[in-house]
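> structure, please.
(3 chains)
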Amino acid sequence: MKLVASALLTVAVLLVPAVSGPFLQYLVLNMLLLALLALSFNLLFGMTGLLSFGQGAFYAGGAYAAALSLRAGFSLIPSILLGSVFAAALAALIGAFCVRHTRIYFSMLTLAFGMLVYAVVWKWTDVTGGDDGLIGIPRGAFFEKPERYYLLSAVLVLVSIAVLHRLSASPLGLSLRAIRENAERAEFSGVAVRRTIFIAFVTAGFFAGLSGALLAPLEQTISPSAAHWTKSAEPVMATLIGGPFLFAGPLVGAVVYLGLKEIIVRFTEYWLLVFGLVLLGMVLSFRGGLLGAAADLWGRRTRA
Amino acid sequence: MLFQGLVGLSEAMYLWLVAAGLSLIFGVLRVLNFAHGSLYMLGAYFAWVAFRITGSFWAALLIGPLLVAAVGWGMEYGFLRRVYRVEVAFQLLLTFAFVLIFDDLVKLAFGPVYQSPPTPAALSGAVRIGRSILPTYHLFILAVGAAVGLGLWIFLEKTGFGLIIRATAADREMARALGVRSSRLFTWVFVLGAWLAGLGGALSMPVRAISPGMGEFIIIEAFVVVVLGGLGSLRGAFVGALLIGLLHAYGLVFMPVFELALAYIAMAAVLIVRPWGLFGAREA
Amino acid sequence: MAPRRGISRRNFLQSSLALAGASALGAPDALGAPDLKLKKPIKVGCQCILSGPLGGYGEFMRKGATLAMEEINAAGGIGGSPIELNFRDEELKPDVGVKNARYFVQDWGADFLIGIDSSGVALAVGEIMPTLNRVLIVTHGATEKYNEDLVYKKHIRQCFRVCVPVYQDGIASALVAKDLPVKRWATISPDYEYGHTSWKMFRAYLKQNKPDVEFVGESFAKFGTVDFSSHISKVMALNPEGIFSTEWGGEAVTMIKQAKLFKVFEQTKAFMIGMGSAMDVLQGLGPDYPDGVWASGRYYFGYPDTPENKRFNDSFKKRWDTYPSYPSETSYTALNALKKAVEKARTLDTDKVIEALEGLELSRPAGPCVIRKEDHQAVYAVPWGQITHDKKYPMPTLTNLKIFKTEEYYRKPPFAPVEG
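Below you'll find the model as predicted:
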């Protein structure tokens, strides 16, 4: 069943350029990038309950590093890789301070570091272009064609999703879940709690950075809003909409979140109101997120 | 230079009023209310409407926050209490939905134009302090902030209801075992918290432009204050607000480059040294 | 209908010019437009800020664009084809702006793009215009990088702008300031590109004109500042004689109210605020706006005193029951410029319309205007003036208008770096 679903998803995603117009293709790529960001966020949140409110920092870190590398003349794929690695390094630096903290204090500390990154990006004009951001990010002659860039990004996102899925079933994932159930017991049974969280944090940073590194060449521009807390809130929202307890929840949530917004803004200027009401309805009626509720309905709530 | 600090403290008073409600609600309900900044915004709008009808700033100051308290009642009674048993993050999402809804409702009802009634004549003067001039309104705000602080302290320490709140904040199960009817308590605490935010908004009405979305600029700072002070601790919220106010005022003078980040640097520094905030309980 | 006091001879000359050059821009054409057999309808995508604390700006822009559309369509449309407008919220976020532009062109089928409030969004969207290959007319975002870098240096030909850039805030202000009895200036301005650039230009151009001025202090406030008290006390501690500011929108309202509480207007000789004559600030402050504050904008409803401007004001008030703010005029002009260019080019082809727009002369409500070929920037004069309270109007207005020749303050190719 799962295999069929993932095969279908892969085929559907790769077929998009063949069957859709340029805007839909662009929108789907945006959904994929948000899905990757949300999945990276949920690596920690879904399994340990630690809610990072600073994922934007790594997203922006990856985006800016990739953008600077591209502008310096390096080619696309190494730049994207560099962006992700830079984001992972940033996550290691920030994670070292955050792993001791629990619950809301963890969220707030990640928020603080996220906003710190935002402030640095905003003020360090010589390197980051300040509040105007970096514009005119080249992606090389070959990938100038949107379809090619789409396929490259889609493949990278799909591979990342597969890796994240493997991780959740790996010893790391098991340790993380043990921590969620009871951190002290996990510690006693030999799980190095902080180290495990740290590894997950850095991994999440890497994939958030990859999402950002893929965004910068897509938009050909990057600005500090990528690091702002409102950006960090997007993966949180996507995850909660889709459901944090199933692996595919954030994926579904990202599609619903962006799709819904896209539909609402076409009909009304008051999209905040409509979106807020939909959100309210969802929280009140689907307690485990959309996918969680669907799984409950079918009565096979197998934790991914 | 002392004067700069005084100005910073007066700015901190609005933040204190919002943070006090936020902290109180978290202490008892264990809900981090994202919409608290929106309640501050509603306080400003309701006070403005009351001002337009009555023509009196003082009547507006009385009516505005009471209307926000009523909205708070609706939020808790109609929605929040349905999700107390759900994952904390979903509660946060629910209150976030209210941020979006309130922003657009205000725009629908009052239009997107800035509103700002004149400062009341009795408070639009200024006093000279050394070579500097401090507006009477700022003195008034300092006095109100201090009075609310004192009032809350007396309420929590000296009244029976205050005791129940403190007991519930300290140990929810124990309080319930002792017969505290938590659902009613939750409602009233949320109403009180909303009233405080509304008061902050009403006080800001004559000196800050009122516009949709104005709550977004204060809510994150209020979070910072509450967490820095220690979640659920009113003393922490008070000290935290003053600290952020002073940091901001002096930061502008000595380290203007860091203005954007000062509050976050302060919070990160405190949390790294004391992971549960200045006055917070260890396990929160 | 404009406050006439203090209008200079230059103003009078320009008004006459406007009259002479008036080609009844936007006015219903009695003969109706010729049918060019173009695509029907002609779709124009407009993005502006419609949510949050600055949502009022987008509202004013929408009203101006809608009015232009209704007038043009009533007179037979563009070359016989009616205009269809679509609005989207740019949220002041470059990524949202890019997405909107892509949606407009690639999904909705827009023939032209107009709007944009934020400078950052203008640069980001401008950058992808070669890919989308549509004409973009910016109506608010004011960064000089848009015309100087994007168009002039990088040759992105699809980008145009019909609102005066930051030259109004940074350079024309210096021309006003040189005649003021102020030697010690300080600023309270936004902590982003716009605030820093305009302060830098102001210093450089004022120093050129008046070498003995001093710049004694600056306080830059982050976007979303809700209280300016500590900025005010910081700057006032330095004893400035004049305050220069480029705060705008709700932040300008808050800052001026609080400066008034701190008795700044009694302690200083001059107070200048670049976006202070925007309708939202005039209406937001109302009776609280101190007399004598120097203010400007990208258009001021009371200038120039031409039939063209009077007609625009009248129909705007009739349609929306409010006075127009500057984004209303600029978006109104953007659509009328498109009409003129398309009818000149007799096609919707982007290259041909670009050629038609280059060097196009317009007689817009704000006065006579030419779209410069080199950087696609509309050149027209906007006054600085002093706030006054005239009983004839429901909000504060400007008096003692200062109008400068555009060649005195519009930077020109090759755009040498600003010294200072």
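
> and the next element down the chain from the one helix or strand in chain C whose mean pLDDT sits lowest?
In chain C, no helix or strand scores lower on mean pLDDT, DSSP states H and E than helix C:9-21, which sits at a mean of 41. As assigned by DSSP states H and E, the chain's next helix or strand after helix C:9-21 is strand C:42-48.

> now that next one, how far from the centre of its chain.
18 Å (Cα atoms, centre = their mean, to the nearest Å).

> for the record, mean pLDDT for the next helix or strand along the chain from it?
Remark: after strand C:42-48, the chain's next helix or strand is helix C:55-74, criterion DSSP H and E. Across helix C:55-74, the average pLDDT comes to 94.

> likewise for stretch B:61-73?
On average, the pLDDT along stretch B:61-73 is 97.

> briefly note if that stretch comes near chain A.
No - Stretch B:61-73 does not reach chain A (Cβ under 8 Å from any Cβ of the partner chain); its nearest approach is 14.7 Å. Where you see a C-beta, it was placed from the backbone N, CA and C, and this is true even at glycine.

> centre of the chain to that stretch, how far?
For stretch B:61-73, the distance to the chain centre is 14 Å (Cα atoms, centre = their mean).

> in it, what counts as buried?
Neighbour counts using 16 or more other Cβ atoms under 10 Å in any protein chain shown place B:61, B:63, B:64, B:65, B:66, B:67, B:68, B:69, B:71, B:72, B:73 of stretch B:61-73 among the buried residues.

> got the contact list for the fourth one?
Contacts here follow Cβ atoms under 8 Å, 6 or more residues apart in numbering or on different chains; on that basis residue B:65 touches B:43, B:46, B:47, B:195, B:196, B:198, B:199, B:201, B:202.

> among those residues, which one lies nearest to chain C?
If you rank these by distance to chain C using Cβ to the nearest Cβ, residue B:201 comes first, at 11.0 Å.

> hang on, that closest one packs against residue B:38?
No - the pair residue B:201 / residue B:38 is not scored as a contact, 9.5 Å apart, by Cβ atoms under 8 Å.

> quick one: contacts for residue 141?
Using chain A. With Cβ under 8 Å, 6+ apart, residue A:141 has no contacts at all.

> try chain C instead
So residue C:141 contacts C:116, C:117, C:118, C:119, C:120, C:121, C:122, C:123, C:161 (Cβ under 8 Å, 6+ apart).

> top of those by number of neighbours, please.
residue C:116 (32 neighbours; other Cβ atoms under 10 Å in any protein chain shown).

> list the contacts of that residue.
Residue C:116 neighbours (Cβ under 8 Å, 6+ apart): C:47, C:48, C:90, C:97, C:122, C:125, C:136, C:138, C:139, C:140, C:141.

> distance of the fifth one relative to residue C:137?
Spatial separation of residue C:122 from residue C:137 under the definition Cβ to Cβ, to the nearest Å is 11 Å.

> give me the common contacts of these two.
With Cβ under 8 Å, 6+ apart, residue C:122 and residue C:137 have common neighbours residue C:161.

> just the helices in the stretch 51-200 of chain A please.
For the stretch 51-200 of chain A, the helices defined by DSSP state H, counting those that start in this stretch cover A:55-71, A:76-98, A:103-123, A:125-128, A:140-143, A:146-169, A:171-181, A:183-188, A:193-219.

> tell me which of these sits most buried.
When you average the neighbours per residue for each of those (mean count of other Cβ atoms under 10 Å in any protein chain shown), helix A:55-71 leads with a mean of 30.

> just the C-alphas of that one, formatted as PDB.
What follows is helix A:55-71 as a C-alpha-only set of coordinates in PDB (Å, rounded to 0.1, in the frame of the first residue of the first chain):
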ATOM      1  CA  GLN A  55      13.500  26.300  10.800                       C
ATOM      2  CA  GLY A  56      13.500  29.500   8.700                       C
ATOM      3  CA  ALA A  57      17.100  30.100   9.800                       C
ATOM      4  CA  PHE A  58      18.300  27.000   8.100                       C
ATOM      5  CA  TYR A  59      16.100  27.400   5.200                       C
ATOM      6  CA  ALA A  60      17.500  30.900   4.700                       C
ATOM      7  CA  GLY A  61      21.000  29.700   5.500                       C
ATOM      8  CA  GLY A  62      20.800  27.200   2.700                       C
ATOM      9  CA  ALA A  63      19.200  29.700   0.300                       C
ATOM     10  CA  TYR A  64      21.800  32.500   0.900                       C
ATOM     11  CA  ALA A  65      24.800  30.100   0.800                       C
ATOM     12  CA  ALA A  66      23.600  28.600  -2.500                       C
ATOM     13  CA  ALA A  67      22.800  32.100  -3.900                       C
ATOM     14  CA  LEU A  68      26.200  33.500  -3.000                       C
ATOM     15  CA  SER A  69      27.900  30.400  -4.500                       C
ATOM     16  CA  LEU A  70      25.900  30.800  -7.700                       C
ATOM     17  CA  ARG A  71      26.700  34.400  -7.900                       C
END
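
> follow-up on the earlier one: save the contacts of residue C:116 as a markdown table, and put in pLDDT too.
Formatted as a markdown table, those follow (pLDDT from 0 to 100):
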| residue | pLDDT |
| --- | --- |
| C:47 | 97 |
| C:48 | 95 |
| C:90 | 93 |
| C:97 | 94 |
| C:122 | 96 |
| C:125 | 96 |
| C:136 | 98 |
| C:138 | 98 |
| C:139 | 97 |
| C:140 | 95 |
| C:141 | 93 |
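
> restricted to strands, list those residues.
C:47, C:48, C:136, C:138 (DSSP state E).

> which one of those has the most neighbours?
residue C:138 (31 neighbours).

> dump the residue contacts of that one.
C:114, C:115, C:116, C:122, C:126, C:146, C:159, C:160, C:161, C:162, C:163.

> and with 7 Å instead?
C:116, C:122, C:146, C:161 (Cβ atoms under 7 Å, 6 or more residues apart in numbering or on different chains).

> among the residues you listed, which are in helices?
Using DSSP state H, the subset of the contacts of residue C:138 located in helices is residue C:122.

> ok, so of the contacts of residue C:138, who is nearest residue B:109?
residue C:116 (27.8 Å; Cβ to Cβ).

> chain neighbours aside, what residue packs nearest to residue B:6?
Spatially, and ignoring its direct neighbours in sequence, residue B:6 is nearest to residue B:134 (6.6 Å; Cβ to Cβ, 6 or more residues apart in numbering or on different chains).

> equivalent analysis for residue C:252, please.
residue C:281 (5.0 Å).

> wait, a helix at the one you found?
Yes - counting by DSSP: H, G, I helix; E, B strand; the rest coil, residue C:281 is part of a helix.
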